[in-house]
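*Asks:* got a structure for you, letters missing:
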């Protein structure tokens, strides 16, 4: 679904992955409300097109849809060609598309009343207890949450470099903090950005999946409970730091939007998608010359550890 992009002679162009619902939809809405021309992407074309129509009904005409499956290299290539042909540049990439990497107990998906009286920790404990983690789901989680983010980013890098100040915002999580990995060797490697390489990241992820399949996660010091989500986000954080060093002209940052009520959290959480998206958009629209290679927990710069 293509529309006219007409907010000034040279509007900022943003791509948001996983933009048809939840945090991604709100990021699209808020960016468009700030005058940014937004390419809302989603794997499911009807749902993506419907999301754009909702935004246009709000008077946000500067939003268009393009199909994108972040795990499909041909889909990523098609998006790149579209962006290059249509705009010739990209100013903001928000890598929001993600999956839980788990199998949800569907009967336990809850509405807000379920969590009345629960605090943050109780809700989180409830969510982790009510998922299963089969190997296939873990593999899909790593493929989507780490490799999907990486492959989209690498594909559009030339367009970001054509911007006067390209920005990459990777939607992360407190689940990606290194303190959750008890294996000291792995934790130190992921934090040693001077010596870490993308090839080593691949090796560590392969090792994680092998040990997951061998039912050896706890024995080898990997995080338990939503394990694949935690490890993929930790790897994405490390990749973001490497990328910021490799391309110092770009602004590359990770944002934990907060514990948000979305499908991934089974509608548990303490923030609305609108509130979570606000934290992402703040980093995406930070003044020129701002920080790069950083982690923001909700509204403040924080440690990757």
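*Replies:* Here it is on my side, so go on. Remember, predicted model here, so these are calculated numbers, not experimental data.
*Asks:* Please make it C-alpha for all contacts and neighbour counts, starting now.
*Replies:* Noted.
*Asks:* hey, where'd the helices end up in this protein?
*Replies:* 22-33, 45-57, 73-86, 120-129, 135-142, 149-161, 184-191, 198-213, 227-246, 273-284 (DSSP state H).
*Asks:* For the stretch 1-150 of the chain, give me the ranges with low pLDDT.
*Replies:* 1-9, 106-112 (pLDDT under 70).
*Asks:* Tell me the buried residues in stretch 74-94?
*Replies:* Of all the residues in stretch 74-94, those buried under the rule 16 or more other Cα atoms under 10 Å are 75-77, 79-80, 83, 88-94.
*Asks:* For that stretch, which outside residues touch it?
*Replies:* Stretch 74-94 is contacted from outside by 12-17, 66-70, 151-153, 155-156, 158-171, 284, using Cα atoms under 8 Å, 6 or more residues apart in numbering.
*Asks:* go with 7 Å
*Replies:* Residues from elsewhere that reach stretch 74-94 (Cα atoms under 7 Å, 6 or more residues apart in numbering): 12-17, 68-70, 152, 155-156, 159-160, 162-163, 165-170, 284.
*Asks:* what does stretch 21-41 give?
*Replies:* 5, 7, 11-19, 48, 55, 60, 62-68, 96, 262, 273-274, 276-277, 281.
*Asks:* Switch the helices of the chain over to JSON lines; also include distance to residue 293.
*Replies:* JSON lines is the format used below for these (distance: least, Cα to Cα, whole Å):
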{"stretch": "helix 22-33", "distance to residue 293": "21"}
{"stretch": "helix 45-57", "distance to residue 293": "30"}
{"stretch": "helix 73-86", "distance to residue 293": "24"}
{"stretch": "helix 120-129", "distance to residue 293": "28"}
{"stretch": "helix 135-142", "distance to residue 293": "21"}
{"stretch": "helix 149-161", "distance to residue 293": "15"}
{"stretch": "helix 184-191", "distance to residue 293": "12"}
{"stretch": "helix 198-213", "distance to residue 293": "15"}
{"stretch": "helix 227-246", "distance to residue 293": "5"}
{"stretch": "helix 273-284", "distance to residue 293": "12"}
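*Asks:* OK, contacts around residue 242?
*Replies:* Counted by Cα under 7 Å, 6+ apart, residue 242 has contacts residue 193.
*Asks:* And residue 206, how close does it get to residue 212?
*Replies:* Distance, residue 206 to residue 212, using Cα to Cα, to the nearest Å: 10 Å.
*Asks:* burial of the closest residue to residue 101 other than its chain neighbours, as a residue count?
*Replies:* Distance criterion Cα to Cα, 6 or more residues apart in numbering; nearest residue to residue 101, sequence neighbours excluded, is residue 141 at 3.9 Å. The local packing of residue 141 (other Cα atoms under 10 Å) involves 26 other residues.
*Asks:* Could you do residue 58 as well?
*Replies:* Neighbours around residue 58, by other Cα under 10 Å: 11.
*Asks:* Tell me both backbone torsions, phi and psi, for it.
*Replies:* The phi and psi values for residue 58, taken as degrees, to the nearest 10, are phi -90, psi 0.
*Asks:* Compute the distance between it and residue 34, please.
*Replies:* 14 Å.
*Asks:* swap in residue 265?
*Replies:* 28 Å.
*Asks:* Between the two, point out the one with more neighbours.
*Replies:* Applying other Cα under 10 Å to residue 265 and residue 34 shows that residue 265 carries more neighbours, namely 19 against 10.
*Asks:* correct me, but residue 240 touches residue 251?
*Replies:* No - using Cα atoms under 7 Å, residue 240 is not in contact with residue 251; the gap is 10.0 Å.
*Asks:* Looking at the spatially closest residue to residue 239 that is not a sequence neighbour now. What's its pLDDT?
*Replies:* Among residues not flanking residue 239 along the chain, residue 198 sits closest, at 7.0 Å (Cα to Cα, 6+ apart). pLDDT, residue 198: 98.
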